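In: sequence-free structure coming up:
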DNA sequence: CGCCGTATTGAAACACCTCAATGCAGGTGG
DNA sequence: CCACCTGCATTGAGGTGTTTCAATACGGCG
C-alpha cells in the first residue's frame, strides 16, 4: 500500500483502519520555493509529512537574525509541537508537496493508537537527538568541521545518486544560517576542504566526498 | 504529601497508587561534586529526579572537546533517553541528591498511566525547546549576549534569594563549555556587562541584574 | 603561611566577519 | 541570438571578536 509505504516512519506498525482514516482526512498542499508551510507565530493547524521537495525549519529573532534548525526530506514528519503553537517556521527550499493532517483528528487517533503515539514519540526523540548534535557542532566545531557535519548529515539521508555524492538543495546563505557562519566563510571552508582533497565540487550544488572517512571524522559530534 | 509535591512536574495529576509504587521502588543516591550520575556510553538503568544540588548534562567528543547541554536544578527530571542508551553524561556540580527510578518499573508504570506518560512527553518537549534555544544562542549570538542568555535562563529558574539575583553554581569553564566560548571570553563578557551597568558582581559566583530588561533583551532567543 | 584551583587581565595570534569586487548561470527583453 | 539583468557564489582585503598563551590576583584550606 503506497500510502503507508510512503509514511513508513510515522505509520509503521499502525492499524490499517487508523492509517486509512488519517489518509481520508488529509489534504495535500503544494509549496512554492521559499513559501511558508507555517510560521513561528501561528497556532498549529496540523501536522505534516513531506512528500516531495526539501524544506527547512528556521527560527528568526526580532533582531532579524535567522537560525536554521534543520532541513527535511521526503518522508519526514514535521510540525511537532508541544503547547500547540510553533516556535519555528517551516519554509520550502524547492517546489514541494506536503500532506497535512488536521491536528484535532491526529490527536484523537494517536490517543486511540498506542503504536502511532509511540512512533510520534520516537520521531520526537530523533528530533531532540538532532538538536543536541547541532548544539555540539555550533559550540565546539570550526567552520570547515561544521560544513563536514552538514555534509555527513545529508549523506546519511541518502539523497543523491550514490552514497558519496551530496546534492545541496540549499544556498550558501542557508548553510551559513544553519551552521552559525556567514556565507563567505562557508564558501571558503568548502574551498579549503576541496583544496585538501577531501571533497570535490563539480558545481556549487554538488559535492563528491573523496574521503568520506575524513568528512565523517571532521564532522563527528558524538563521543566516539 | 511531600513526595508528590517535590516531584510535581513529573507526577502532577498522576494516580496516587502509581506514585506510591514508584516511591517504593526508588532509591536515593548521593553525588559528590564532579561525580558522574551516568556517562554517555552507558545503558540507561533508571530515570532520575534531582532532589538537591545542581548538575550538568554534557557531551564529550573523542577529540576531548566538551559541550555542556544544560544545568539542572532540584525538581528536574533527568535521564530521558530514547533508545535506551544515553548520548550524554550527567555530572554533579555540587554535592547532590538524586532519586533513581529503575527504568523497567518506570516504563511499566508509564504504560499504565497515561497521565504519567503525558508528563514525561511534556518534559521531553521542554527539553527540546531548550535545545532549540541553545542552538539559536550558539549560532546567532555574541559572547556577551550568550552570557545574558544563560543569566536569563537561571533567573527564570528562580534559584537565588530574589528574582534579580543569580547564583552561579558552575565555574567559568562550565559556562564557557555551555556557551561555546572560552572561560576568558566569558570573564571578559561579564566584565563588559558589569562596566555597562547591566549587571553587578559582588563575587565571581553572584550576579545582580541591575537592568533585568537589558539582560532579557540581549539574551533573547525567541522571535519577539 | 603557603598551596592550589579558579578568576581576571593583558598581549598577540587567529578565525571569522564585513565590505566590496568579480564571476557565473539562468532568465528576460530587445 | 545577443545584451542585459538578477541572484548566487567566489574571492580579496581589511577589521573585529574570540582564542591562545601567559602572568597575576583572589580565596579557601591544609
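Out: Looks like it came in fine. Everything numeric in this text was worked out from a predicted model, so none of it was measured. Numbers count the residues shown, from 1 in each chain, chains lettered A, B, ... in the order given.
In: roughly how far apart are the nearest residue to residue A:212 once chain neighbours are set aside and chain B?
Out: Excluding its sequence neighbours, the residue lying closest to residue A:212 (C-beta to C-beta, 6 or more residues apart in numbering or on different chains) is residue A:164, at 5.4 Å. Glycine gets a C-beta too; all of them are placed from N, C-alpha and C. Distance of residue A:164 to chain B, given as C-beta to the nearest C-beta, to the nearest Å: 23 Å.
In: one more: residue A:149?
Out: Counting by C-beta to the nearest C-beta - residue A:149 and chain B are separated by 12 Å.
In: does any part of the helix or strand hosting that residue sit near DNA strand C?
Out: Taking DSSP states H and E as the definition, residue A:149 sits inside helix A:143-157. Yes: judged by C-beta under 7 Å from any atom of the strand, helix A:143-157 comes into contact with DNA strand C through A:143-144.
In: which strands or helices does that helix pack on?
Out: For helix A:143-157, the contact count by 3 or more C-beta pairs under 8 Å, 6 or more residues apart in numbering or on different chains; DSSP states H and E identifies helix A:114-140, strand A:165-167, helix A:172-179, helix A:183-195, strand A:206-209, helix A:212-219 as packing neighbours.
In: hmm, try it at 7 Å
Out: strand A:165-167, helix A:172-179, helix A:183-195, strand A:206-209, helix A:212-219 (3 or more C-beta pairs under 7 Å, 6 or more residues apart in numbering or on different chains; DSSP states H and E).
In: let me know which of these is the nearest to residue A:107.
Out: Minimum separation from residue A:107 across the helices and strands packed on helix A:143-157 (C-beta to C-beta) falls at helix A:172-179, 30.6 Å.
In: how does chain A divide into domains?
Out: Chain A breaks down into these domains under automatic domain parsing: A:2-136, A:141-219.
In: where among the ones you listed is average confidence lowest?
Out: Lowest mean pLDDT within the domains of chain A: domain A:2-136, a mean of 92.
In: so is it next to chain B?
Out: Yes: counting by C-beta under 7 Å from any C-beta of the partner chain, chain B is contacted by domain A:2-136 at A:40-41, A:59-62, A:65, A:67, A:69, A:82, A:87, A:121, A:124-125, A:127-129, A:131-132, A:134-136.
In: chain center to that domain, what's the gap?
Out: 10 Å (C-alpha atoms, centre = their mean, to the nearest Å).
In: then stretch A:148-166?
Out: Distance, centroid of stretch A:148-166 to centroid of chain: 13 Å (C-alpha atoms, centre = their mean).
In: which SS state does the closest residue to residue A:224 other than its chain neighbours fall under?
Out: Of all residues not flanking residue A:224 in the chain, residue B:62 sits nearest, at 5.7 Å (C-beta to C-beta, 6+ apart). Counting by DSSP: H, G, I helix; E, B strand; the rest coil, the backbone at residue B:62 sits in coil.
In: ok, residue B:62 touching residue A:222?
Out: No: the pair residue B:62 / residue A:222 is not scored as a contact, 8.0 Å apart, by C-beta atoms under 7 Å.
In: how many other residues sit next to the closest residue to DNA strand C within chain A?
Out: As assessed by C-beta to the nearest atom of the strand, DNA strand C sits closest to residue A:185 within chain A, at 3.0 Å. If you count neighbours by other C-beta atoms under 10 Å in any protein chain shown, residue A:185 ends up with 19.
In: which residue is the nearest non-sequential neighbour of it?
Out: Leaving out its chain neighbours, residue A:185 is closest to residue A:143 (C-beta to C-beta, 6+ apart), at 5.1 Å.
In: now that neighbour: how far from residue A:149?
Out: Applying C-beta to C-beta, to the nearest Å, the value for residue A:143 to residue A:149 is 11 Å.
In: the two: who's more crowded?
Out: Using other C-beta under 10 Å, the more surrounded residue of residue A:143 and residue A:149 is residue A:149, with 24 against 18.
In: so who does the more buried one touch?
Out: A:137, A:141, A:219, A:221 (C-beta atoms under 7 Å, 6 or more residues apart in numbering or on different chains).
In: rerun that using 8 Å as the cut-off
Out: A:133, A:137, A:141, A:179, A:218-221 (C-beta atoms under 8 Å, 6 or more residues apart in numbering or on different chains).
In: so which of the residues you listed is the closest to residue B:108?
Out: Nearest to residue B:108 out of the contacts of residue A:149 is residue A:133 (C-beta to C-beta; 30.7 Å).
In: so that closest one is in contact with residue A:223, correct?
Out: No: contact criterion C-beta atoms under 8 Å: residue A:133 and residue A:223 do not qualify, at 11.6 Å.
In: so residue A:160 touches residue A:166, yeah?
Out: Yes: contact criterion C-beta under 8 Å: residue A:160 and residue A:166 qualify, at 5.5 Å.
In: so for these two, which residue has more residues nearby?
Out: With neighbours defined as other C-beta under 10 Å, residue A:160 and residue A:166 compare such that residue A:166 has more, 23 against 17.
In: so that one sits right up against residue A:207, yeah?
Out: Yes: counting by C-beta under 8 Å, residue A:166 touches residue A:207, with 4.4 Å between them.
In: what sits in contact with each of those two?
Out: Contacts common to residue A:166 and residue A:207, judged by C-beta under 8 Å, 6+ apart, are residue A:151.
In: which ones are touching residue A:48?
Out: Neighbours of residue A:48 in contact, by C-beta under 8 Å, 6+ apart: A:37, A:77-79, A:90, A:98-101.
In: what residues of the helix or strand containing it count as buried?
Out: Using DSSP H and E, the element containing residue A:48 is strand A:46-52. Neighbour-count burial for strand A:46-52 flags A:46-51 (criterion: 16 or more other C-beta atoms under 10 Å in any protein chain shown).
In: and stretch A:87-101, by the same measure?
Out: A:87-93, A:96, A:98-101.
In: could you point out which element follows the host helix or strand of residue A:20?
Out: Element membership of residue A:20 [criterion: DSSP H and E] is helix A:16-25. Sequence order places strand A:27-31 as the next helix or strand after helix A:16-25, per DSSP H and E.
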